[in-house]
Every structure is written in structure tokens, then in C-alpha cells.
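1. Fold the following for me, if possible:
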Amino acid sequence: MVTGPMMKEKAPYFAKDLDVGDFKASNGWLQSFLWRHNISFGVMSGENGEVKPHVVDEWNGKLPDMCKDYDPKDIFNMDESGLFYRSTVSKSFHVKGETYSGGKLSKERLTVSFCSSMTGEKEPIVVIGKSANPRCFQKVPASSLPVHYYHNKKAWMTGSIFEDWLKKFDRKMTRQGCRVLMFLDNAPSHPKLSLKNVTLQFLPLNTTSKSQPMDQGIIQAVKLKYRRRQLQHIFANMTRHNLLSGSELLKQISVLDVIYWVNRAWDQVETDTIVKCFAAAEFLKPGPVALQPEQPDADDEDDDEDYEEDDVPLQVIRLSMDLFGVGFADAGRD
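-> Just a heads-up that it's a prediction; the model follows:
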């Protein structure tokens, strides 16, 4: 498969070989190159029910009353998502009109769960794998990891895992003297529990794409940042080990690599992104919050170009363009 970041990563090497000076593999260059050569971006061959607008509107009308007794910093959303951690994307650039296919995509999957407040306070992420003690954990005990690590045969969120994590969260809020309202979707793995300092509020069925803050761009932002690190790792090692292909290097990515990469990606999601995603889900808009500056990434570059898509934070759109060479809505999703 061929993606935008792959082309931008390799273009300077070709420019150097061709003695092309002052070359910059920008998004503008990429778009012009694709247009000149008639190249498009598409899915290689190889959750949501229908959203009812009136249900969403009715829910949005009830939100202010649900939230009125809670400070914005005490209103949380939690959701999990699958991460096919040894795959890149399911889309590739190809010449228009030609059929194409890629190699077999890796199905190795982890479940990653994210939780934050509507003012941007982030809880440590939950990672669910298949093995209790992966080989890569030999020198790093699970208790020292920066995430909550769980396991089961299918690497899925289960009711017991959710209950264990939620009770830990409730004890933490109790110690801090916080009374919290937690919004969740109606997944079978999210049982209804009675807790001391955390009240659960479940979203209506088939509305998460509109009503769940995590689905308005927060999880996608984490995945895009993770993919950036994954691709940087592949290219760096392809340079060092010329005999190894990208697919061979993907197979060498360990669960421990993923944990550190996705944790770093979560750390880099800005407060502003989270606040805007809660607002996009029609939650009460909090007062001014102190925005956390994004931690710099040595490989990040500022682009002069502006990319606009409705209801999606600009940071997410720019990252999607940089990583995939396409807008947020067209970027590959797990």
C-alpha cells in the first residue's frame, strides 16, 4: 500500500538523487503530484446503526438538566476502541481506473480505552491484550506500565474488566472528594453499577457517532498520532535494515511498543481538542480553561495551508492531512 506520509517521507531521497535543490515534501506538493499523475486515494479490496435525528435532538435537549448539578471538570466520557496495531491503513494511492489490492492486513488487535473530563483532564488509558505476560514484558512488569493493562483471549473489553477499572476510578474520585457524572455508550461490556462518587449516564442506542465526545475526534486524534509514530518507526528501520520490508518490520512491533506509543499519543492530545469535541456533542460549554500546550514532536512541521472540515478540531484535520494526505473524513479508521 502507498499512503501520503510514505510518499512525503521518500520524496526528499529521490530529490537528492536527482539533484533537485530546495525541495520540500509539503502537503501542497503532494496534492499537486497526485493531480498531475491522476492518482486517487481508495480502500484496498480484500457499530453504528442508523442515527435517528429526533432521538439525538431529544437527548441534546435533556443534557443541560443532566449536567446542571456538576462542575464541567466532573463530567466525564469513557469509550474504548480497537487498534490493529501492526496494520497501517486500509487505503492506498493508486492510478485512477485501475484495480488494485494490497497484502494481507494484520488482524492483531488490542482494545484501548480512553477517559477524560469535558475540561480536558485525562485519565490513564486502559489497554487490553490477549496475553497476561507477553514476552516483551519480561523486563518490564505490568505494574510499572503507564497504562492499566488487562487481558483476555480475545483482547476485548468485558464487563468484569470495565467494573474493575470503574471501581478504581470511583475510589480515586472519592479520595479527591469529587462527585462525577460519567457518560457511556450502551455496550454490553458496560454494566450498570451503583458507585459511591461516580454516577453513570448511558447514551441512547445508535447515537454515539453524534452524542459521544470521544467519537467526535478525540479517539481519532490519538490513532492518527499513533500511526505517525508507527510509520516513523518503519521508515527509520527500513533505512537501517535495507533487507527488511515494511510488512516485515510491522511484524516486529511489540505490545510494549504499542503501549508506549499510544500512551504518548494520548498525552499529546490537547485540552482544546477535548473541549471542542465535548462541545461538538452538544455538552454544556465550560468557561475558559487553561489550555495545555501540545508536547513538541521532533518530526512535526507547521504547514501554512489551512484545512477546514465542519465540527472537527483544526489540529485533527491538519494531522490527518499530514499523515494520510487526505482530510479527516477520508482518513483510514480501525
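2. For residue 257, list the residues it contacts.
-> 136, 233 (C-beta atoms under 8 Å, 6 or more residues apart in numbering). For every residue, glycine as well, the C-beta is placed using N, CA and C.
3. Please identify the helix or strand for it.
-> Using DSSP states H and E, residue 257 falls within helix 255-268.
4. got it, and residue 182?
-> Here residue 182 is assigned to strand 180-184, by DSSP H and E.
5. buried stuff in the longest helix along the chain?
-> Ordering each helix of the chain by length in residues (DSSP state H) puts helix 218-240 first. For helix 218-240, the buried set under the neighbour-count rule, 16 or more other C-beta atoms under 10 Å, comprises 218-235, 238.
6. which stretches of this structure form strands?
-> 39-43, 75-84, 91-95, 109-117, 126-129, 148-151, 180-184, 198-202 (DSSP state E).
7. tell me the angle the fourth one makes with helix 255-268.
-> What that stands for is strand 109-117. With axes from the mean of the first three to the mean of the last three C-alpha atoms, to 10 degrees applied, the angle from strand 109-117 to helix 255-268 works out at 20 degrees.
8. Can you name the residues in contact with strand 109-117?
-> In contact with strand 109-117 (C-beta under 8 Å, 6+ apart) are residues 72-85, 122-123, 125-129, 155-157, 165, 169, 213-214, 218-219, 222, 255, 258, 262, 266, 274.
9. so where's the stretch 151-300 of the chain shaky on pLDDT?
-> Applying pLDDT under 70 to the stretch 151-300 of the chain flags residues 243-244, 246, 284-300.
10. re the thing from before, ranking the strands of the chain by mean pLDDT, which is last?
-> Looking at these, the lowest mean pLDDT belongs to strand 91-95 (a mean of 48).
11. quick one, what contacts residue 134?
-> By C-beta under 8 Å, 6+ apart, the neighbours of residue 134 are 254-256.
12. So what does it have for phi and psi?
-> Dihedral pair for residue 134: phi -60, psi 150, per degrees, to the nearest 10.
13. can you tell me how far it sits from residue 247?
-> 21 Å (C-beta to C-beta, to the nearest Å).
14. Residue 125 now?
-> To residue 247, residue 125 is 27 Å away according to C-beta to C-beta.
15. now do residue 186
-> Residue 186 is 38 Å from residue 247, by C-beta to C-beta.
16. Which of the two has more residues huddled nearby?
-> Set residue 186 next to residue 247 and count neighbours by other C-beta atoms under 10 Å: residue 247 wins out with 17 against 13.
17. Low-confidence ranges, the stretch 1-150 of the chain, go.
-> Checking the stretch 1-150 of the chain against pLDDT under 70 turns up 1-3, 6, 38, 40-49, 88-107.
18. List the buried residues for stretch 248-260?
-> Neighbour counts over stretch 248-260 (16+ other C-beta under 10 Å) mark 249-250, 253, 255-259 as buried.
19. Could you name the helices and strands sitting against the longest helix of the chain?
-> helix 4-17, strand 75-84, strand 109-117, helix 246-251, helix 255-268, helix 271-280, helix 314-324 (3 or more C-beta pairs under 8 Å, 6 or more residues apart in numbering; DSSP states H and E).
20. That helix versus strand 109-117: what angle between them?
-> Using the same axes, to 10 degrees: helix 218-240 against strand 109-117 is 130 degrees.
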